[in-house]
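**Student:** Pasting the sequence and the predicted coordinates here, then a few questions.
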Amino acid sequence: MRYIISLGLILLIAVSCATPQVVKDASRNQGDLLREFQKALGDLRTKLLQFYDVEIEEFRQSLLKSRMAVEQRRIAQQADKAIRAIDSELPEEQRVAEVKKILDAAANYLAELPDFYFEETYCKVWGTLKPEFLREPNERCRDDHGEQYRKLLAAREEVAIRFDRVVSAVATTREAHDLVNEFLQIEFRITEERVAEAKEVIEEARKTIEEAKEAWAELRTREE
């Protein structure tokens, strides 16, 4: 019985003693690493998305520049062809008006092309903005460039979403660690008064058990 009482006191004091310093230091270091990792992920996310933005914009400008160069030559040829097709029998004033109409339509198309070239509604706008006389025979709208552009934007967005998930997971891990770390840094001490109270409770329990044994023995003696 005395062995059990002593063991109980040892366990009580062992559980209640302060967390070892080596554990506290390791917890602090881990917290610092988590904070550094979280910051590094945030910085990497920013830089990678900036890289995507630069690459996408360079692709967009390069493709648009190439397209505009082709369109300018083509439109010039088509406009010249349309002007030559104007009825020479028309009064000069009317022929001048027709030429102006053709040139205005060509200039308007070329001026507005950059604004809608990469939009999802490109073909719809193209169909209404580019006059028939500026089109080649059986010419149809093609949106291959738009599809590639939107794929790049989608890839950029996917990278952002994935990084957000990782950053969120690290943030959650850090919050959990900070909670544990805060607990580990607390000094748990047992005062002499509390030890005395524990001894008293255990002693009273021992006496109660002994008294119960004596009463049980006496009862059995009477029955015999």
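**Tutor:** Structure received. Numbering: from 1, shown residues only.
**Student:** So in the protein, which helix runs the longest?
**Tutor:** Of all the segments assigned as helix in the chain under DSSP state H, the longest by residue count is helix 21-84.
**Student:** can you list the weak-confidence ranges in this protein?
**Tutor:** The chain contains residues with pLDDT under 70 at 1-20, 23-24, 26-27, 31, 177, 179-206, 208-209, 211-224.
**Student:** still on that earlier bit, for the longest helix of the chain, packing partners?
**Tutor:** The helices and strands touching helix 21-84, judged by 3 or more CB pairs under 8 Å, 6 or more residues apart in numbering; DSSP states H and E, are helix 92-116, helix 144-184. All C-beta spots, glycine's among them, are computed from the backbone N, C-alpha and C.
**Student:** Give me the angle between that helix and helix 144-184.
**Tutor:** For helix 21-84 against helix 144-184, the angle by axes from the mean of the first three to the mean of the last three CA atoms, to 10 degrees is 170 degrees.
**Student:** on that earlier part again, could I get the helices and strands packed on helix 21-84 as a markdown table with distance to residue 25 and mean neighbour count?
**Tutor:** Formatted as a markdown table, the entries for these read as follows, by distance: least, CB to CB, whole Å; neighbours: other CB atoms under 10 Å:
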| stretch | distance to residue 25 | mean neighbour count |
| --- | --- | --- |
| helix 92-116 | 61 | 14 |
| helix 144-184 | 10 | 13 |
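**Student:** Would you convert these into TSV that also reports distance to residue 69?
**Tutor:** Converted to TSV, these look like this (distance: least, CB to CB, whole Å):
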stretch	distance to residue 69
helix 92-116	11
helix 144-184	14
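**Student:** Which residues are in contact with the closest residue to residue 48 other than its chain neighbours?
**Tutor:** With sequence-adjacent residues excluded and distances taken as CB to CB, 6 or more residues apart in numbering, residue 48 is closest to residue 159, at 6.3 Å. With contacts taken as CB atoms under 8 Å, 6 or more residues apart in numbering, residue 159 has the following neighbours: 48, 49, 52.
**Student:** Likewise for residue 56?
**Tutor:** Contacts of residue 56 by CB under 8 Å, 6+ apart are 149, 152, 153, 156.
**Student:** ok, now with 10 Å
**Tutor:** Taking CB atoms under 10 Å, 6 or more residues apart in numbering as the definition of contact, the neighbours of residue 56 are 149, 152, 153, 155, 156.
**Student:** Over to residue 68?
**Tutor:** Applying CB under 10 Å, 6+ apart, we find residue 68 in contact with 75, 110, 113, 114, 117.
**Student:** how close does the residue nearest to residue 48 get to residue 171?
**Tutor:** Here the criterion is CB to CB, to the nearest Å. By it, residue 159 lies 18 Å from residue 171.
**Student:** Look up how far residue 124 lies from the residue nearest to residue 48.
**Tutor:** Here the criterion is CB to CB. By it, residue 159 lies 30 Å from residue 124.
**Student:** Residue 151 now?
**Tutor:** Applying CB to CB to residue 151 and residue 124 gives a distance of 20 Å.
**Student:** Fine by me, we can end here.
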